[in-house]
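**Q** output the structure for:
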Amino acid sequence: MLSIILSTGLIFGGFSIVKANQDGDKTQNEKSFYSVKATDTEDWETGDMSSFEWVTGGTADWFVTDLEQYEGVYSATSGNINDNQSSYLELTQEVYSADVISFWYKVSSESNYDYLRFYIDNVEQDAWAGEIPWTFAEYNVSTGTHTFKWEYDKDGSVSIGGDAGWIDLIHFPPTEVAAIFTVSTTDACVGQPIDFADESTGPITSWEWTFEGGDPATSTDQNPSVTYSATGDFDVELIVTDGIEIDTTIIENFINVNDVPPSPGFPSGIALLCQDPFNTTYSTSGAAGAESYNWVLDPFDAGEIIGSGTTITVDWDNAYVGMVILKVSAENYCGEGPFSIPLTITIDLCTGINEVSDITHTQIYPNPSNGNFTLKMNLENQKTIDIRVYNSLNNLVYQADNVAAKQEFQRDLDLGNYSKGVYYLHVYGDNVNVIKKIVIQK
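**A** Predicted structure coming up:
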């Protein structure tokens, strides 16, 4: 999670995080914009005019009221005046960065005659009269010294409604030193340069950067470039000063550094299949930092891979017979990592249930059964064999090694303790390699 700590003695009405590129999306290869933007806010929630050096005058002073408000408890309202009189509220500020001033206003007056007016440097920006509910207003402000003024004035006759204007929740443009910066990306790879650009407001004279885990770890450059040699999430701190005021911005876990993922775990799944098998599922334990996975069949035309995560399904070609290699690599925005140890899958010309296969005349019966099978084979010129039985997840459930072979070979297989389903019998030796599908039904 992105955290922001603003360490300052200044009054901040809030901040905003902007994360965008020209297309509205963010990817590692596109420049992303980040900033922490400080603004002064006046909402009169102190109950008085003490937060800023307000000047009020005219026939009557503006004052703070709890009878009307856009938000909170209080707002400011014009003084009680009569015909041909006015009441104003103004504030002069040094604006450090071109931005906007915004506020909410309300008017209750004689339409077209008694107005609430807003001025910047004595130039009228807008005027409102009549019954106007709380409405948002916003105006551009350039860098420099500016006077913002709200004035309610009346013509020579008629008083209607509340006969006043109200303002609330003013957001001023930056008027204090504020540590602000942009960065070329927050998602980087090990060794990739990241460019930081100072966007601070005010006549800044010095910069003190701290880059957790970065090289350099600190910098006094205005716009430093930093690389990271290890993966992780790292804080960034900027302290700026104009020689009088100091402001600090710390963004925790701001820079995420990744690397090409390591090799994923060995694929798991059934490795013994009969020709024209059903779709089968394979999985990997994954790799740290991976965003997607690249699964490869060799030969590629043995089947079609469906999916790109840690688990995929293979839709096998119904005519394929032979050996297949399945391997997987992990990918992220830094690139593709090494392939896993491959899984060798055998697709054999198995015969149907209770039928004879190949020169060994292999029989396995009854099939299906309740788990007790009899294996019969012709093992001429064969001294010993190994027998394996695998479940549909390629887990070994039965094993017999160096079994003495003879021409008329027969052996009982007790699989009664295993659940119903499809299993694969694999018998192999110097001169024999047979795969049979068996079914347990209960």
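**Q** got the buried residues for stretch 241-258?
**A** 241-242, 245-251, 254-258 (16 or more other Cβ atoms under 10 Å). To be clear about C-beta, it is placed using only N, CA and C from the backbone, and glycine gets the same treatment.
**Q** keeping just the C-alphas, turn it into PDB.
**A** Output of stretch 241-258 as PDB, limited to C-alpha atoms (Å, rounded to 0.1, in the frame of the first residue of the first chain):
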ATOM      1  CA  THR A 241      14.000  24.700   2.000                       C
ATOM      2  CA  ASP A 242      14.100  28.300   0.800                       C
ATOM      3  CA  GLY A 243      16.500  29.300   3.600                       C
ATOM      4  CA  ILE A 244      13.600  30.100   6.000                       C
ATOM      5  CA  GLU A 245      10.900  27.500   5.700                       C
ATOM      6  CA  ILE A 246      11.500  23.700   5.500                       C
ATOM      7  CA  ASP A 247       9.100  21.100   4.200                       C
ATOM      8  CA  THR A 248       9.500  17.300   4.100                       C
ATOM      9  CA  THR A 249       7.700  14.700   2.000                       C
ATOM     10  CA  ILE A 250       8.100  11.000   2.800                       C
ATOM     11  CA  ILE A 251       6.400   8.400   0.700                       C
ATOM     12  CA  GLU A 252       6.600   4.900   2.100                       C
ATOM     13  CA  ASN A 253       7.000   1.800  -0.100                       C
ATOM     14  CA  PHE A 254       7.000   4.200  -3.100                       C
ATOM     15  CA  ILE A 255       9.400   2.400  -5.400                       C
ATOM     16  CA  ASN A 256       8.800  -1.200  -6.200                       C
ATOM     17  CA  VAL A 257      11.800  -3.000  -7.600                       C
ATOM     18  CA  ASN A 258      11.500  -6.300  -9.300                       C
END
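**Q** from the buried residues of stretch 241-258, which shows the smallest pLDDT?
**A** Lowest pLDDT of these: Glu245, 89.
**Q** quick check: closest non-adjacent residue to it.
**A** Closest residue in space to Glu245, ignoring its immediate chain neighbours: Val177 at 4.2 Å, by Cβ to Cβ, 6 or more residues apart in numbering.
**Q** check the gap between that neighbour and Asn140 for me.
**A** For Val177, the distance to Asn140 equals 22 Å [Cβ to Cβ, to the nearest Å].
**Q** check Gly161 too.
**A** 31 Å.
**Q** got the contact list for Gly232?
**A** When contacts are counted by Cβ atoms under 8 Å, 6 or more residues apart in numbering, Gly232 touches Gly213, Asn256, Val257.
**Q** my guess is the second one contacts Ala188. True?
**A** It stands for Asn256. Yes - Asn256 lies in contact with Ala188 (Cβ atoms under 8 Å); the separation is 7.3 Å.
**Q** just after the longest strand anywhere in the chain, pick out the following helix or strand.
**A** Counting by DSSP state E, the longest strand found in the chain is strand 246-258. Counting by DSSP states H and E, the element after strand 246-258 in chain order, helix or strand, is strand 272-274.
**Q** paired strands for that next one, with orientation please.
**A** strand 343-348 (parallel) (DSSP bridges).
**Q** in PDB, list the C-alpha atoms belonging to the strand it pairs with.
**A** The C-alpha trace of strand 343-348 is given here as PDB (Å, rounded to 0.1, in the frame of the first residue of the first chain):
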ATOM      1  CA  LEU A 343       8.100 -32.900 -17.300                       C
ATOM      2  CA  THR A 344       8.200 -35.900 -19.800                       C
ATOM      3  CA  ILE A 345       4.800 -37.100 -20.800                       C
ATOM      4  CA  THR A 346       4.200 -40.400 -22.600                       C
ATOM      5  CA  ILE A 347       1.200 -40.900 -24.800                       C
ATOM      6  CA  ASP A 348       1.000 -44.600 -25.700                       C
END
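**Q** now do the buried residues in that strand.
**A** Applying 16+ other Cβ under 10 Å to strand 343-348 flags Leu343, Ile345, Thr346, Ile347, Asp348 as buried.
**Q** then stretch 399-418?
**A** So for stretch 399-418, counting by 16+ other Cβ under 10 Å, buried means Ala405, Phe409, Leu413, Leu415.
**Q** host element of the closest residue to Glu138 other than its chain neighbours?
**A** Nearest residue to Glu138 in three dimensions, chain neighbours excluded: Ser102, at 4.1 Å (Cβ to Cβ, 6+ apart). With secondary structure defined by DSSP H and E, Ser102 is part of strand 99-108.
**Q** after that strand, which helix or strand is next?
**A** Taking DSSP H and E, what comes next after strand 99-108 is strand 115-120.
**Q** which helix or strand in the protein has the lowest average pLDDT?
**A** Least confident helix or strand of the chain, by mean pLDDT, DSSP states H and E, is strand 3-7 with a mean of 37.
**Q** which SSE is immediately downstream of the helix or strand that contains Ile387?
**A** Here Ile387, judged by DSSP H and E, is contained in strand 384-391. The helix or strand immediately downstream of strand 384-391 is strand 396-404, counting by DSSP H and E.
**Q** which SSE is immediately downstream of that next one?
**A** Taking DSSP H and E, what comes next after strand 396-404 is strand 408-414.
**Q** quick one: strands adjacent to that following strand?
**A** Sheet partners by DSSP bridges: for strand 408-414, these are strand 372-378 (antiparallel).
**Q** report the inter-axis angle for the partner strand versus strand 384-391.
**A** Inter-element angle recorded for strand 372-378 and strand 384-391: 140 degrees (by axes from the mean of the first three to the mean of the last three Cα atoms, to 10 degrees).
**Q** for strand 372-378, buried residues please.
**A** For strand 372-378, by 16+ other Cβ under 10 Å, it's Phe373, Leu375, Met377, Asn378.
**Q** swap in stretch 45-65?
**A** 45, 49, 52, 54, 56, 58-65.
**Q** what's the answer for stretch 286-298, then?
**A** Gly286, Ala287, Gly289, Ala290, Tyr293, Trp295, Leu297.
**Q** contacting residues for the residue nearest to the first one when sequence neighbours are not counted?
**A** If you skip the residues right next to it in sequence, Gly286 has Thr310 as its closest partner in space, 4.7 Å away by Cβ to Cβ, 6+ apart. Neighbour list for Thr310: Pro264, Ser283, Thr284, Ser285, Gly286, Tyr293 [criterion: Cβ under 8 Å, 6+ apart].
**Q** helix or strand right after the helix or strand harbouring the last one?
**A** So that's Tyr293. Using DSSP H and E, Tyr293 maps to strand 292-298. As assigned by DSSP H and E, the chain's next helix or strand after strand 292-298 is strand 303-306.
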